[in-house]
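Engineer: My questions are about this predicted structure, shown below with the sequence.
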Amino acid sequence: MNSVTNHKINITSQNKIWLFVPATRIDRVAKAFASGVDAVIVDLEDAVALEDKADAREALQQYYDSADYQPIWLRINKAGSEEFFKDIVLCQKMPNLAGVLLAKAEQVADIESVHQLTNLPVIALIESAIGLYQLDSMAKAVGLAAFSYGFLDLCNDLHVQVGTPAADIIANQIRYQLILTSKVHQLSPPIDTIYPEFNDEVGLSARVQLWSQMGMSGMLCIHPKQVAVVKQALQPTDEALSFAQRVVEEYERSGQAVFEIDGQMVDAPVIERSRQLLDK
């Protein structure tokens, strides 16, 4: 058993933007880091065809052993699969990985086995109805740092039609469950799923504002051009910053627990939110 006693691993406080790179294109890792992301994920699962996985692992090992290596996250295949065990062996040869994303997580044992075999933090990707149903139990797993989810896979499993108002309702329900469960179990806030239309800057910006307002910690990206859009969308408006600054200044000046600014009542929750905004 792993000797870690405190299994709550906070890894997403500074990681807002996570960018996928296929393991078949290790040459893109340096460009991914240069794009300004907070974390790079090398994908050994869906982005790599079965017949290419062995070569992809070899290329990844060569990159890890090179002077160019920067700590990456690795998305590995579903627990119990033949490819999963090969991925675990690879992770054991690369102890300085930043961590592991476990595809299609569905039970506590899956997460804990990854952590115990690699001694790395785990982000569990919820991509099935079973995984969503088992969310609360998986949140107790030793080594789990955070949840994310694959919405397209979930839609297929739940028979939800993508791109419809119904899908939006389901997506927000999933976000709510992830946020609530993560908070109760003292995990890092969840990471939002990919936005597949990487040329749709308006839609991407709206998505970023949605998950950030809901209290999620970051987003999975699939293309470098999404990075700048996400960064811009995360910036608070000048109006919001000005209001927060005046709230904090008035509180520090007066010491009052309740006061008014611009016709809005300010009390403890507003003061705390203003401090959080300024801290960011």
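Structural biologist: It's in. Residues are numbered from 1 along each chain as shown.
Engineer: where in the protein is pLDDT low?
Structural biologist: In the predicted model, the chain carries pLDDT under 70 at residues 1-15, 280.
Engineer: quick one, domains of it?
Structural biologist: Taking automatic domain parsing as the reference, the chain has its domains at 17-234, 238-279.
Engineer: So residue 204 is in contact with residue 225, correct?
Structural biologist: No. Using C-beta atoms under 8 Å, residue 204 makes no contact with residue 225, being 9.6 Å away. Quick note: C-beta positions are derived from backbone N, CA and C, even for glycine.
Engineer: So between the two, which is more surrounded?
Structural biologist: Between residue 204 and residue 225, residue 204 has the larger neighbour count (other C-beta atoms under 10 Å), namely 23 against 13.
Engineer: contacting residues for the closest residue to residue 149 other than its chain neighbours?
Structural biologist: Nearest residue to residue 149 in three dimensions, chain neighbours excluded: residue 126, at 4.2 Å (C-beta to C-beta, 6 or more residues apart in numbering). By C-beta atoms under 8 Å, 6 or more residues apart in numbering, the residues touching residue 126 are 105, 132, 135, 147-150, 154, 174, 178.
Engineer: and if you look at residue 94?
Structural biologist: Residue 94 neighbours (C-beta under 8 Å, 6+ apart): 60-61, 64, 74.
Engineer: Which single helix of the protein contains the most residues?
Structural biologist: helix 165-184 (DSSP state H).
Engineer: contacts for that one?
Structural biologist: With C-beta under 8 Å, 6+ apart as the criterion, helix 165-184 contacts 126, 132, 135-136, 139, 146-147, 149, 151, 154-155, 158, 160-161, 187-190, 192-193, 211, 214-216.
Engineer: Over to stretch 251-261?
Structural biologist: 243, 246-247, 250, 265-268, 271.
Engineer: any idea whether residue 19 is helix, strand or coil?
Structural biologist: strand (DSSP: H, G, I helix; E, B strand; the rest coil).
Engineer: Surely it and residue 42 touch.
Structural biologist: No. In this structure, residue 19 is not within contact of residue 42 by C-beta under 8 Å, at 10.1 Å.
Engineer: Now do the buried residues in the one helix or strand residue 156 maps to.
Structural biologist: Residue 156 is part of helix 151-158, with elements assigned from DSSP states H and E. For helix 151-158, a neighbour-count test (16 or more other C-beta atoms under 10 Å) marks 151-155, 157 as buried.
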